[in-house]
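**Student:** coords below, sequence missing:
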């Protein structure tokens, strides 16, 4: 079996995923066992959006509850991870070498897009973590270029964790919930389209999914939850072999597909 690269795209679903991870969570816990213990983790989440690139460099990362109105049990969960200031500084240097400005944030913790999948992978929170922010204004190509810049870290035993969802339309979630919980057809259709292009290595079509896929705009009225996928694809490189180690739908409209990448 080919060795996996230190790169993952994982779903984080709704916040309730932390309480009921189900089959997707089990698949994530299983894939974690296929990696050597990383020296650190870089995590990019759609729930930390900034106009410029920031990297968290705090030594102890706060568990951020960036949601409201959910089960009180969610607010009791702690993911007491340590930060990795030295890796944060390394990322600033790497991006500077590529002509990209990058700033340190000494206070940023882990939002639910980060700690929910991290908790499935490494429940003991015993690996240092560096969060990096997302710039939605740069679109898929900007997210892809970020992955290219971070790719050398994956070769140095740093796990690059990109967190998001293959589909994310909260308006459709509310409609589906009111109308009895039927999943709209586009959710599976877009998931299938994306999966086909990933396995074909068709990066151009993926980068232009909003114009080339039938359901791309409906699947993502705003792009932030898909952009981390492009960071993972950039870090993995065009010659990597993708593995869809979980595919499924949660909460009516959230495609929970998860990808790893082999050499």
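**Tutor:** Sure thing, it's come through. Note that the coordinates shown come from a computational prediction; the quantities given were computed from them, not determined experimentally.
**Student:** May I ask which helix or strand encompasses the residue lying closest to residue 242 once chain neighbours are set aside?
**Tutor:** Leaving aside its chain neighbours, residue 242 sits nearest to residue 198 (5.1 Å; criterion: CB to CB, 6 or more residues apart in numbering). Using the backbone N, CA and C atoms, a C-beta is placed for each residue, glycine as well. Element membership of residue 198 [criterion: DSSP states H and E] is helix 185-200.
**Student:** Could you list the buried residues of that helix?
**Tutor:** Neighbour counts over helix 185-200 (16 or more other CB atoms under 10 Å) mark 186, 187, 188, 189, 190, 191, 193, 194, 195, 197, 198 as buried.
**Student:** Let me know the next secondary structure element after that helix.
**Tutor:** helix 203-207.
**Student:** Now do the buried residues in that following helix.
**Tutor:** Quick answer for helix 203-207 (16+ other CB under 10 Å): 203, 205, 206, 207.
**Student:** wait, what's in contact with the first one?
**Tutor:** Residue 203 is in contact with 144, 233, 238, counting by CB atoms under 8 Å, 6 or more residues apart in numbering.
**Student:** What ranges does this protein have for its helices?
**Tutor:** Secondary structure of the chain (DSSP state H): helices at 22-32, 85-97, 112-121, 139-154, 170-178, 185-200, 203-207, 209-212, 216-219, 227-236.
**Student:** So which of these is nearest residue 56?
**Tutor:** Of all these, helix 85-97 sits nearest to residue 56, with 6.5 Å by CB to CB.
**Student:** how distant is that closest one from the center of its chain?
**Tutor:** 20 Å (CA atoms, centre = their mean, to the nearest Å).
**Student:** Likewise for stretch 173-188?
**Tutor:** Distance, centroid of stretch 173-188 to centroid of chain: 23 Å (CA atoms, centre = their mean).
**Student:** What distance separates the opening and closing residues of that stretch?
**Tutor:** End-to-end distance of stretch 173-188 (CA to CA, to the nearest Å): 14 Å.
**Student:** what's the average pLDDT for that stretch?
**Tutor:** Stretch 173-188 carries an average pLDDT of 92.
**Student:** how about it: buried residues?
**Tutor:** Buried positions in stretch 173-188, judged by neighbour count with 16+ other CB under 10 Å: 173, 176, 183, 184, 186, 187, 188.
**Student:** TSV please, covering the residues you listed and showing distance to residue 75.
**Tutor:** Formatted as TSV, the buried residues of stretch 173-188 follow (distance: CB to CB, whole Å):
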residue	distance to residue 75
173	22
176	26
183	29
184	31
186	33
187	29
188	33
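**Student:** where in this structure is pLDDT low?
**Tutor:** 1 (pLDDT under 70).
**Student:** rerun at 90
**Tutor:** Where the chain drops to pLDDT under 90, the residues are 1-2, 179-181, 263.
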